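In: any chance you could fold what I've pasted below:
(4 chains, ligands or ions: 2)
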Amino acid sequence: MRKRLSELSRLPTLPGVHLRDEASKIKRRLHELGGGGRGDSSAAWEKVKLARHADRPYTLDYIGLMFPGFIELRGDRCFANDPAIVGGLAAYQGRTLMVIGHQKGRDLASRTQRNFGMPRPEGYRKAQRLMALADKFGIPILTLIDTPGAFPGIAAEERGQGGAIASTLMRMTRLRVPTVAIIIGEGGSGGALALALADRVLMLENSVYSVITPEACAAILWRDAKEARPAARALKMTSADLEELEVIDGVLPEPRGGAHRDHEGAARIVKEALEENLRELEMIHPQARRQERLEKFRRIGVWRENGLTLF
Amino acid sequence: MRKRLSELSRLPTLPGVHLRDEASKIKRRLHELGGGGRGDSSAAWEKVKLARHADRPYTLDYIGLMFPGFIELRGDRCFANDPAIVGGLAAYQGRTLMVIGHQKGRDLASRTQRNFGMPRPEGYRKAQRLMALADKFGIPILTLIDTPGAFPGIAAEERGQGGAIASTLMRMTRLRVPTVAIIIGEGGSGGALALALADRVLMLENSVYSVITPEACAAILWRDAKEARPAARALKMTSADLEELEVIDGVLPEPRGGAHRDHEGAARIVKEALEENLRELEMIHPQARRQERLEKFRRIGVWRENGLTLF
Amino acid sequence: MAQQVSVDISRRGGGHDPGSAESCPKCSQLLDSDELAANLMVCSHCGHHFPITSRERIGQLADEGSWTEMAANLRSADPLEFYDLRPYVERIEEAEYDTGLSEAMLVGTARLHKMDVVLAVMDFRFMAGSMGSVVGEKFWRAAERAVETRFPLVAVCASGGARMQEGLLSLLQMAKTTCAVEMLSQAPVPFVTVLTHPTTGGVLASYATLADVIMAEPGSLISFSGPRVIEQTIKEKLPEDFGRAESNLNHGQIDMIVERAELKNRLVQVLGMLEGGVACALQPLWEEEAGPAGRRGAFAQTLERIKSFAHTPWRSS
Amino acid sequence: MAQQVSVDISRRGGGHDPGSAESCPKCSQLLDSDELAANLMVCSHCGHHFPITSRERIGQLADEGSWTEMAANLRSADPLEFYDLRPYVERIEEAEYDTGLSEAMLVGTARLHKMDVVLAVMDFRFMAGSMGSVVGEKFWRAAERAVETRFPLVAVCASGGARMQEGLLSLLQMAKTTCAVEMLSQAPVPFVTVLTHPTTGGVLASYATLADVIMAEPGSLISFSGPRVIEQTIKEKLPEDFGRAESNLNHGQIDMIVERAELKNRLVQVLGMLEGGVACALQPLWEEEAGPAGRRGAFAQTLERIKSFAHTPWRSS
Ligand SMILES: [Zn+2]
Ligand SMILES: [Zn+2]
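Out: Numbering: from 1, shown residues only, chains lettered A, B, ... in the order given. Ligands and ions are numbered 1, 2, ... in the order given. Okay, the predicted model is just below:
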């Protein structure tokens, strides 16, 4: 670490290359060395369990608590209405928001109906349609992310699961309106990311966001799905991990005991974060905001080049 | 007729109202009175039979004869590739065209595969995708129209046949590139129109273009599908009828004996018309062309207002 | 394709017969006509929505005295000099006599809970709600007015399809109404459609499905091809729920099903929400993109309205 | 998700063993390695396309001596200090040793039948063609070069998905590559992808399916989720043709299936056609919309190329 740090400090900033603020790297490493639960693999796993907690508020709970009015809009105008993604117009401080989010069910019937929050391609195509509608009328977009991942099924593949996610990402790059994405529970893989190419990406304290579930990761790399604990730790999927990696824009502290114990408190926190971020984003001209969005995601990545570690 | 004419000539042109050139009206009526086959109901029916003739050149025949190179592009990126509509990039005079058309089959197997040229929603969605691609790269679009109509089936309805046609029409209103539509055989109802909201709409001499098939019209209005002959005449669906009604931009004379007897000759005629129309259209700025397209379709209709017949 | 869908609107002349009784086609209950009308022509037993006339619809939606008809003098011509067993002109005259209307669509301006809107309401009784030149032109004028005034456009659809007696001219009204929607879209002015029983053919395949938000009345048939045509093609009997609003909702083709009693409120909520977006589009930094200045006035009005909503919670899901 | 798809590329180090024999996994025929290589690694008996390495692919596509690699010095870092049973750095070193490559993608410029293009070619042997920070950055630079030079971008995909050892950083490469495609799209510069066996996960759900034209090699598995994950979820064995290129074509997800021997020609034809559209975009009256002046040069080149095509008829359907 020290070697890498000194290498970096010896060199001028290269054009087109983003040198991460080293202070945060050091802080991060000190944090790790000093414990704080992150050296402990069960801490990450606890977060995974919390993020999946059945009592956590879901998208429709947040909508109900945050907005005095909400009109759900349905359907991809093509094949189906996917209940695993909900979206619609929300009354927000004398104006309108488009809210789009994954929706899990709470009891067996609604879980089945919502397909455990795992969208099919038509869910993503509905999201795109609503994004286009919001963009047309200059309505800012809030996405709430909470899914184990896109549904892995034969028919979903045949209807283009990969392409549906990709085109949703593409749609988000093109939006003129401000976009805020908040991971409220499980941010599972491409199925989560599809709604998260936003101007601001925030995580609730006890949410997770990962390229793969720890179980699946363990099954592949440890050859044993039961090794999910070390996998969860290794994947650095908690909000604290990801804030330190600087791949998200902020962490929202949850109410005492966690969002699952205080839905109202959680909704208040999400609403305040939304307000603050929208206020900042709306100061930026749409063209510039779009450009900044591209730049932000363009910068993500860590690699070595000519012996240097670059971020 | 004379009364209507004198009413019109007495009045100044009203704002927002398009008074059709009366000379053509008179010409038309004289033509009718003077016979010319149009008073004979079998003439229209003969055209219907010719337009459906199994030996007529189809879209892929024209493509093969008109362009030295053609790359078919497939799929709606959503549900299926519909073989009842074909489309792709054609090499055309040192540049590129996007060609999209209905495709009938010639033998039993290919007819079944092409669904007798009756598209399902995915056919129209493929057409939209190809139109968007052409628009992105400034590639002019040629559509070739030859269908009994959009396929009437349960699954096609469930996947949004109506919406698919409507959104294709909408896509065509928005194109920046020049568009030429040519009815080469059967122009059947909404399924044909979906590809025909173009800057220029031309008909081959022996093609027909109608709101409904004469058989279906007869079944409803005559309560007997066998009355298709008078229905064909009453619907004014031949190229000559429609030129006189001024709802198309031109009629292309077919080779001696009809297109079904001389595919090469027919292709030559279509190609010349395409060249001429594209040349004219490309002199217009894209914005203006789009505006003119809207205006052109805006003007279509005949009604009475305050006792006047307006066109 | 106009007459392929049969709908029983026995009530001629645009109203109900006071004091008489009607039997519900769904639950067979005998209903008192006055009560039925007071219940907006919805069966109080099973919720069946009886088809209603365009004037009844406007009466249910528009604030008292706020309706002003536009383009009232448009009448069908007979450009094809069409006749089948009877001349087209005779069919029109009959429809005029039976309905007291001059065409299958009424357009005008109205207020819905004080919100200014342009309305375009079809009437199935007039030649099966078929779309010919007059319907196309009325819709165009409604859209034009909406763009001029920045009032949103609400279109209530009920149609058997294109008016075949006007031949290709009627088919091309699909293109014309689509161009009108594109004009709305460029503004942009909110555009909402309400699909009622039945919405089929050329109307469905043009402006009806091009709205920003698509609502439908419960039980409405919403299908491009008529059920009989499909049955003849596939040589099977269609299932009872074929093409109904509920099936369309499941298949992703419409946004919501709204009961008649809720329709006015829901329209105002949705339109207010869509206009609420204007609030954002008029942030100081956005001004160069904000479009004509007239919009600012509409916006101020909208903002007030939305603010009043904020104290009246509602939910659609 | 990277290692969930198993592919047999036994040929380590980027080539075949001269004089040896290989058995076709599809028809079991024993094939002479030299003949197989001469036949572009396609079974001469059944047409089975053996997976090939990125260098083999470039060798098959690029005109002799025209390949210039870009961003060759990019190497994976280990931002998560990831280890499972073994450290990530060790797995990278092993992959480097086995493949002679530094990462799962090679990018550079080349000429295809004299047409300048930017190439981005994945190599499944390198950690199952997984996409981490380096692949994302290489793709970005390839796209950037394409925009600067106005050369079209051709991406040949082969991937097990995201590089899980880089955690969320690898997931976010999907967003990054999508932004790169958006940059191409704004230019616009033609972008064509070739999906080879297997193209799955994050690569499929980002740039691979965002191309102007999507080609696939026969028999390639093209699926977002890995077959094993789907089998575990639905608790059934998948059909043999599940997710294959042929199924994707029928389901409207790709434009065409191209045999390896035809790939180079087809790419040049499609790219020439897409650039041919520039001819129209540069009509005198369009000039204010034509974009950077550099394009005019590219156009002249294209025009010449297209003209030469005009004398060589071809058909794809
Ligand atoms: Zn009832
Ligand atoms: Zn073989």
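In: and the gap between A:Tyr62 and chain B?
Out: 30 Å (C-beta to the nearest C-beta, to the nearest Å). From N, CA and C alone the C-beta is placed, and that goes for glycine too.
In: now do the phi/psi pair for that residue.
Out: phi -60, psi -50 (degrees, to the nearest 10).
In: could you find the closest non-adjacent residue to it?
Out: A:Ala267 (5.4 Å; C-beta to C-beta, 6 or more residues apart in numbering or on different chains).
In: what sits against residue 243?
Out: Unless you meant another one, I'm taking chain A. With contact set as C-beta atoms under 8 Å, 6 or more residues apart in numbering or on different chains, A:Glu243 has these partners: A:203, A:250-251.
In: you looked at the wrong chain, it should be chain C
Out: B:157, C:221-223, C:227.
In: how about it: what's its closest non-neighbour residue?
Out: That would be C:Ser223: by C-beta to C-beta, 6+ apart, it lies 3.6 Å from C:Gly243.
In: show me what contacts that neighbour?
Out: So C:Ser223 contacts B:157, B:162, C:198, C:200, C:204, C:230, C:242-243 (C-beta under 8 Å, 6+ apart).
In: the closest residue to A:Gly69 other than its chain neighbours bridge partners, please.
Out: Take A:Gly69 and drop its neighbours on the chain: the residue closest to it by C-beta to C-beta, 6+ apart is A:Ala91, 3.6 Å away. Beta bridges link A:Ala91 to A:Thr96, judged by DSSP bridges.
In: please, which helix or strand holds the residue in the stretch 1-150 of chain A that chain B sits nearest to?
Out: Closest contact between the stretch 1-150 of chain A and chain B, by C-beta to the nearest C-beta, is at A:Arg77 (5.4 Å). Using DSSP states H and E, A:Arg77 is not contained in any helix or strand.
In: next one, pLDDT for the residue nearest to it when sequence neighbours are not counted please.
Out: Nearest-residue entry for A:Arg77: B:Gly163, 5.4 Å, with adjacent residues in sequence omitted and distances by C-beta to C-beta, 6+ apart. Here the pLDDT value assigned to B:Gly163 is 98.
In: now swap in the one 4 residues further on and tell me
Out: B:Ser167 is assigned 98 on the pLDDT scale.
In: mind listing what it touches?
Out: B:Ser167 sits next to A:77, B:124-125, B:128, C:209-210 when contact means C-beta under 8 Å, 6+ apart.
In: tell me which strands the top strand by length along chain A pairs with, and in which orientation.
Out: Of all segments of type strand in chain A, defined using DSSP state E, the longest is strand A:179-188. Applying DSSP bridges, strand A:179-188 is found paired with strand A:141-147 (parallel), strand A:200-204 (parallel), strand A:208-210 (parallel).
In: after that strand comes which helix or strand?
Out: helix A:189-193.
In: centre-most residue in chain C?
Out: Closest to where the C-alpha atoms of chain C average out (C-alpha atoms, centre = their mean) is C:Val156, at 0.9 Å.
In: which parts of the stretch 51-200 of chain C are helices?
Out: C:54-61, C:88-99, C:133-149, C:167-186 (DSSP state H, counting those that start in this stretch).
In: could you export the longest strand of chain A as CSV, CA atoms only?
Out: C-alpha atoms of strand A:179-188 as CSV (Å, rounded to 0.1, in the frame of the first residue of the first chain):
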residue,chain,number,x,y,z
THR,A,179,-32.2,11.1,-11.7
VAL,A,180,-31.7,9.9,-8.1
ALA,A,181,-31.3,6.1,-7.4
ILE,A,182,-31.5,4.8,-3.9
ILE,A,183,-30.6,1.2,-2.9
ILE,A,184,-33.1,0.5,-0.2
GLY,A,185,-32.5,-3.2,0.3
GLU,A,186,-30.9,-5.7,-2.0
GLY,A,187,-29.0,-4.3,-5.0
GLY,A,188,-28.6,-7.5,-6.9
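In: let me know the angle separating it from helix D:167-186.
Out: 140 degrees (axes from the mean of the first three to the mean of the last three C-alpha atoms, to 10 degrees).
In: so for strand A:179-188, mean pLDDT?
Out: Mean predicted lDDT for strand A:179-188 stands at 98.
In: quick check: C:Val268 touching C:Arg111?
Out: No: the pair C:Val268 / C:Arg111 is not scored as a contact, 9.8 Å apart, by C-beta atoms under 8 Å.
In: the two: who's more crowded?
Out: C:Val268 (21 against 18; other C-beta atoms under 10 Å in any protein chain shown).
In: roughly how far apart are the more buried one and chain D?
Out: 38 Å.
In: A strand includes that residue, no?
Out: No: assigned with DSSP: H, G, I helix; E, B strand; the rest coil, C:Val268 falls outside any strand and is helix.
In: how much space between it and ligand 2?
Out: 67 Å (C-beta to the ion, to the nearest Å).
In: what sits against that residue?
Out: Here C:Val268 is in contact with C:112-113, C:115 (C-beta under 8 Å, 6+ apart).
In: just A:Ala196 next, same as before
Out: So A:Ala196 contacts A:143, A:145, A:181, A:183, A:187, D:175 (C-beta under 8 Å, 6+ apart).
In: helix, strand, or coil at it?
Out: Per three-state DSSP, A:Ala196 ends up coil.
In: same deal with the one 10 residues further on?
Out: Put simply, A:Asn206 is coil when judged by three-state DSSP.
In: that one reaches A:Ala259, doesn't it?
Out: Yes: at 6.4 Å, A:Asn206 counts as touching A:Ala259 under the criterion of C-beta under 8 Å.
In: now for these two: what residues contact both?
Out: Both A:Asn206 and A:Ala259 are in contact with A:Arg56, where contact means C-beta under 8 Å, 6+ apart.
In: before we move on, the earlier item: can you list the contacts of A:Ala196 in JSON lines and add neighbour count and distance to C:Gly136?
Out: Putting the contacts of A:Ala196 into JSON lines (neighbours: other C-beta atoms under 10 Å in any protein chain shown; distance: C-beta to C-beta, whole Å) gives the following:
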{"residue": "A:Thr143", "neighbour count": "28", "distance to C:Gly136": "40"}
{"residue": "A:Ile145", "neighbour count": "30", "distance to C:Gly136": "45"}
{"residue": "A:Ala181", "neighbour count": "27", "distance to C:Gly136": "43"}
{"residue": "A:Ile183", "neighbour count": "28", "distance to C:Gly136": "49"}
{"residue": "A:Gly187", "neighbour count": "34", "distance to C:Gly136": "49"}
{"residue": "D:Ala175", "neighbour count": "27", "distance to C:Gly136": "45"}
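In: return the member of those nearest to C:Ala77.
Out: Of all the contacts of A:Ala196, the one with the least separation from C:Ala77 (C-beta to C-beta) is A:Thr143, at 52.2 Å.
In: if I pick the closest one, what's in contact with it?
Out: Taking C-beta under 8 Å, 6+ apart, one finds A:99-101, A:127, A:179-182, A:195-196, A:198 in contact with A:Thr143.
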